[in-house]
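S.K.: Here's a sequence, model it:
(2 chains)
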There are 2 protein chains.
Amino acid sequence: MSAHKLCMIPGPVEFDQDVLNAMSTAATSHVSPVFIEKFGSAIELCRDVFMAPSGQPFIVAGSGTLTWDMTAANLVEPGENVLVVNTGVFGDWFGECLEVYGAKVTHVRAPFGDRPSLAQIEEALGQKKYKLVTLTHVDTSTSVFVDIQAAAKMIKEKAPDTLIAVDGVCSVGAEEIRQEEWGIDVVMTASQKALGTPPGLAIMVVSQRAMEVAANRKAEPRTYFGSFKKWLPIMKAYEARKPSYFATPAVQSILALQTSLQQLKDQGMDARFAKHREASKKIKDAVEKWGLKLVPVNREVAANTLSAVYYPEGVKGPELLQKIGAAGIVVAGGLHPRHATEYFRIGHMNVSAVNDSENHHLDKTLAAIEASLKELKYM
Amino acid sequence: MSAHKLCMIPGPVEFDQDVLNAMSTAATSHVSPVFIEKFGSAIELCRDVFMAPSGQPFIVAGSGTLTWDMTAANLVEPGENVLVVNTGVFGDWFGECLEVYGAKVTHVRAPFGDRPSLAQIEEALGQKKYKLVTLTHVDTSTSVFVDIQAAAKMIKEKAPDTLIAVDGVCSVGAEEIRQEEWGIDVVMTASQKALGTPPGLAIMVVSQRAMEVAANRKAEPRTYFGSFKKWLPIMKAYEARKPSYFATPAVQSILALQTSLQQLKDQGMDARFAKHREASKKIKDAVEKWGLKLVPVNREVAANTLSAVYYPEGVKGPELLQKIGAAGIVVAGGLHPRHATEYFRIGHMNVSAVNDSENHHLDKTLAAIEASLKELKYM
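M.R.: Numbering: from 1, shown residues only, chains lettered A, B, ... in the order given. Purely as a prediction, here's the structure:
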């Protein structure tokens, strides 16, 4: 591999060295006492990180996308209605996934860079009975942030029987989530963003209310690998520090996840949320000071985990990204079918946000962008 | 982690240090040139290792079980017949998975430790029209080996339109497979056995004939994360050394897989098959010399990747496993609902089979078992 460039994209993010070291742990049986202890601990730590003391965690080899399949297959029966609060590409795709499992999907949309208002969601909820509402906490394609606390509160008043699922792939571990207190039934994420572990794990915590819905469904879930019924006994067994087997867990990835989750707990989640808010402000203030424009229409709808920034007039996107890359920093292009060429994305999560005062990832990133903009005669 | 014990179970197996080192590669974008090159190479190398020059590889974050879902969801339509050639627990479970996706499943079974005869399979094929026949090359629960070359030849004569799928989770990379020459449509596996990479990847190679069946199916596949239609453009893009995105690939695991697959190709697959045959003979000869009995009814139906061995009379299974473990070697208990307490399993794959003359994994394993049997007064 060539010299390491700082990976400042909205996932995968930079990882702590202890977490990376756990990835190269020598061969370990998935039913060995040492692994059972770590897997059990990782399951428990999910409850701390998601703030869901009575939730049921699932940790399965896969990507974040698999948690969509698991939500759709286990919690929705064919023909049932689902409302997707859509703030970008990941809303479109989650909707598509839900339809694969037979859901009838309605999207509430907003213009690019904005989010549907609570009133819009409330109005949609009045149209029909929904089994499930999905919200993307942070849509990685647009960096739009949804206030899931306010939305969940309103949904619980307007439609108390409707399950609430949050796609937290680009938020869990960085944006404030108090799953149980806020009454969110499902929070889904992946390992490679603010949970600080290389990609390869699908992670979700499910409320007891939703677990009952899954247990009492009429139609069998249309998935084998993603079946709650298959994985629930496995999660319970490992948590009870007992061996069990359905499909071979990704041993090294889970050892790394446990290492990272323990670090998160030790940092304190509130401290971690604050660090991500600071990092986000630092990046956003800097790019706005240079006269660049953010994709989100205002700071209230902008995520703390990444910044989506329009290319300034006269600057060609590929040239800017190439120059930033040559300066040792990897940022991401746009990801939205109609707007991809208009903006770029800077991820600021995990060690890059939390340990910035030591590792200076944010300063290095800003310096590389500034120097590149100067080279391109923008400033 | 405590002192490393040799992991001599039928997966995960011991890994090469270069492969493990790749697992802890620093954060790397899934669309960076360096990763695109490695992922593209891993896809190409699958064709060498599976001996399927025109096959379509899929490498997806997951476990081997996910390849069952992918085969069932993409290649079988609801209501179609599938014949499962059943040689153990993994046949039972694959059948269950196929039923989740609407297949009508018939099992051809054999007594514990044996395999159905070609005549039995042929007779079953004469009963109805099957969309797919599945064969477990090596059932990890029983160590029973199926002669997939002979079976495929017979199936192609008897039912030329029937697709042939092989569960190669405990065989690919160790047991002889010439996928294309033998006319096998799907070969499924996972990373953590004879492919020599930590667990976390589902890997399969699909014939062009089967890809056409998937492309022309009437019903949409009942999976999103496991959809061939979603993954095919991604695999083609990476192979063409172009970035593409559907779900974040498990970057570190794929870097490790590429390292291992290149090692396999460099070793030569025929040399590797021979080494696994030698390793298997060494283990089986030794345990039989001690008077122990193998689970497979004869050597012809016994796998080269693991040995399933009955506990000798008077020796308690848990005590034997505990003593072997205390001697620094991890072997596995039985895995079969009716017979689990009667036998144990020794894995002999990857570096433990191929580099035995240097690392002496097999000698160390045999020494630990022999010493444990002596301590337990068996000999």
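
S.K.: Around chain B, pick out the residues from the stretch 1-150 of chain A.
M.R.: A:1-2, A:4-5, A:7, A:9, A:11-15, A:20-21, A:23-32, A:34, A:61-66, A:68-69, A:72, A:96-97, A:100-101 (Cβ under 8 Å from any Cβ of the partner chain). Just so you know, the C-beta spots here come from the backbone N, C-alpha and C atoms, and that holds for glycine as well.

S.K.: and those, which of them are in helices?
M.R.: Within the residues of the stretch 1-150 of chain A next to chain B, residues falling in helices by DSSP state H are A:20-21, A:23, A:34, A:64-66, A:68-69, A:72, A:96-97, A:100.

S.K.: Let me have the residues you listed in TSV, adding distance to B:Y311 and pLDDT as columns.
M.R.: Listed next are these as TSV, based on distance: Cβ to Cβ, whole Å; pLDDT from 0 to 100:
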residue	distance to B:Y311	pLDDT
A:L20	41	98
A:N21	38	98
A:M23	36	98
A:V34	25	95
A:G64	44	98
A:T65	44	98
A:L66	39	98
A:W68	45	98
A:D69	41	98
A:A72	45	98
A:E96	52	98
A:C97	47	98
A:V100	47	98
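
S.K.: okay, now A:R241: neighbour count?
M.R.: Neighbour count of A:R241, defined by other Cβ atoms under 10 Å in any protein chain shown: 12.

S.K.: List buried members of the residues of the stretch 1-150 of chain A next to chain B by neighbour count.
M.R.: A:5, A:7, A:9, A:11-15, A:20, A:23-32, A:61-66, A:68-69, A:72, A:97, A:100-101 (16 or more other Cβ atoms under 10 Å in any protein chain shown).

S.K.: Residue numbers of the stretch 201-350 of chain A in contact with chain B?
M.R.: Residues of the stretch 201-350 of chain A lying near chain B (Cβ under 8 Å from any Cβ): A:201-202, A:220-227, A:245-253, A:330, A:332, A:335.

S.K.: Write a ChimeraX command that selects only the buried members of those residues.
M.R.: In ChimeraX syntax, the buried subset of those is picked out as below (16+ other Cβ under 10 Å):
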select /A:201,202,221,222,223,224,225,226,227,246,247,248,249,250,251,252,253,330,332,335
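
S.K.: What residues does A:Q149 make contact with?
M.R.: The contact partners of A:Q149, taken as Cβ atoms under 8 Å, 6 or more residues apart in numbering or on different chains, are A:176, A:178, A:182.

S.K.: How about the residue nearest to the spatial centre of chain A, nearest residue that isn't a chain neighbour?
M.R.: Against the mean C-alpha coordinate of chain A, by Cα atoms, centre = their mean, the closest residue is A:V169 at 1.3 Å. For A:V169, ignoring the flanking residues on the chain, the nearest one in space by Cβ to Cβ, 6 or more residues apart in numbering or on different chains is A:G64 at 4.1 Å.

S.K.: in the stretch 201-350 of chain A, which spans are strands?
M.R.: A:201-206, A:306-310, A:329-330, A:332-333, A:343-347 (DSSP state E, counting those that start in this stretch).

S.K.: Mind listing what's buried along the strand or helix carrying A:D48?
M.R.: Element membership of A:D48, judged by DSSP states H and E, is helix A:33-50. Neighbour counts using 16+ other Cβ under 10 Å place A:35-36, A:38-43, A:45-47, A:49-50 of helix A:33-50 among the buried residues.

S.K.: Can you name the residues bridging to A:Q56?
M.R.: Per DSSP bridges, the residues bridged to A:Q56 are A:V206.

S.K.: Go ahead and confirm it touches A:W231.
M.R.: No: using Cβ atoms under 8 Å, A:Q56 makes no contact with A:W231, being 9.4 Å away.

S.K.: between these two, who's got more neighbours?
M.R.: The neighbour count for A:Q56 versus A:W231, taken as other Cβ under 10 Å, is higher for A:Q56 (23 against 19).

S.K.: residues touching that one, list them.
M.R.: A:205-208, A:211, A:232, A:235.

S.K.: and the residue in the stretch 251-379 of chain A that chain B sits nearest to, what is it in contact with?
M.R.: In the stretch 251-379 of chain A, the residue that lies nearest chain B is A:Q252 (4.4 Å; Cβ to the nearest Cβ). For A:Q252, the contact set (Cβ under 8 Å, 6+ apart) comprises A:22-25, A:28, B:23, B:198-200.

S.K.: Quick check: nearest residue in space to it, chain neighbours excluded?
M.R.: B:P198 (4.4 Å).

S.K.: That neighbour: neighbour count?
M.R.: Neighbour tally, B:P198, other Cβ under 10 Å: 31.

S.K.: Let me see the backbone angles for it.
M.R.: According to degrees, to the nearest 10, the main-chain angles of B:P198 amount to phi -50, psi 160.

S.K.: Let me know whether it touches B:I254 as I believe.
M.R.: No: contact between B:P198 and B:I254 fails when scored by Cβ under 8 Å: they sit 11.4 Å apart.

S.K.: In chain A, which helix is the longest?
M.R.: helix A:269-289.

S.K.: Just give me how far that helix sits from the chain centre.
M.R.: In terms of Cα atoms, centre = their mean, to the nearest Å, the centre of helix A:269-289 is found 17 Å from the chain centre.

S.K.: now the angle from it to strand A:343-347?
M.R.: 150 degrees (axes from the mean of the first three to the mean of the last three Cα atoms, to 10 degrees).
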